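Peer 1: Predicted model follows, preceded by the sequence.
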Amino acid sequence: MAEFCSQCTPLDTVDYNLFNIALNLDRGHSRSFVCEGCDNRAVYKDEEGRLWIAHENGKGDLDWKPVTIDEL
Ligand SMILES: [Zn+2]
């Protein structure tokens with residue numbers, strides 16, 4: 001069954017609520033997942049508390065982008 005994240009799917013049907021995942025992440029840790037809606041692959045919180053999201057770029061690699069908690 002396909003699974004979707006909160007960046008591409010309404011919250012009432014979401015499998016991965018990225019806001020909640022980010023809130024519960026410790027600094028320096030990441031949480032991997034597979035969203036079949038938007039190809040997001042992971043959320044990472046760095047040692048300074050900044051958030052990053054990994055997006056599969058179609059060539060088997062991940063592009064990491066900074067995000068704010070409001071965007072998740
Ligand atoms: Zn998604």
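Peer 2: Received the coordinates, thanks.
Peer 1: Up against the ion, what does the chain have?
Peer 2: Contact residues, the chain versus the ion (Cβ under 5 Å from the ion): C5, Q7, C8, C35, G37, C38, N40. (C-beta placed from N, C-alpha, C; glycine too.)
Peer 1: Select from the residues you listed every entry located in strands.
Peer 2: Counting by DSSP state E, the members of these that fall within strands are N40.
Peer 1: among the residues of the chain next to the ion, which ones are buried?
Peer 2: Buried subset of those (neighbour count, 16 or more other Cβ atoms under 10 Å): C5, Q7, C35, N40.
Peer 1: Who are the contact partners of the residue nearest the centre of the chain?
Peer 2: Note on the chain: the residue nearest the mean C-alpha position is V43, at 3.9 Å, using Cα atoms, centre = their mean. For V43, the contact set (Cβ atoms under 8 Å, 6 or more residues apart in numbering) comprises L18, I21, A22, L25, S30, R31, F33, L51, W52, I53, A54, L72.
Peer 1: about what we covered before: adding distance to D61 and pLDDT, write the buried ones among the residues of the chain next to the ion out as JSON lines.
Peer 2: Output for these, formatted as JSON lines (distance: Cβ to Cβ, whole Å; pLDDT from 0 to 100):
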{"residue": "C5", "distance to D61": "19", "pLDDT": "97"}
{"residue": "Q7", "distance to D61": "19", "pLDDT": "95"}
{"residue": "C35", "distance to D61": "16", "pLDDT": "96"}
{"residue": "N40", "distance to D61": "14", "pLDDT": "97"}
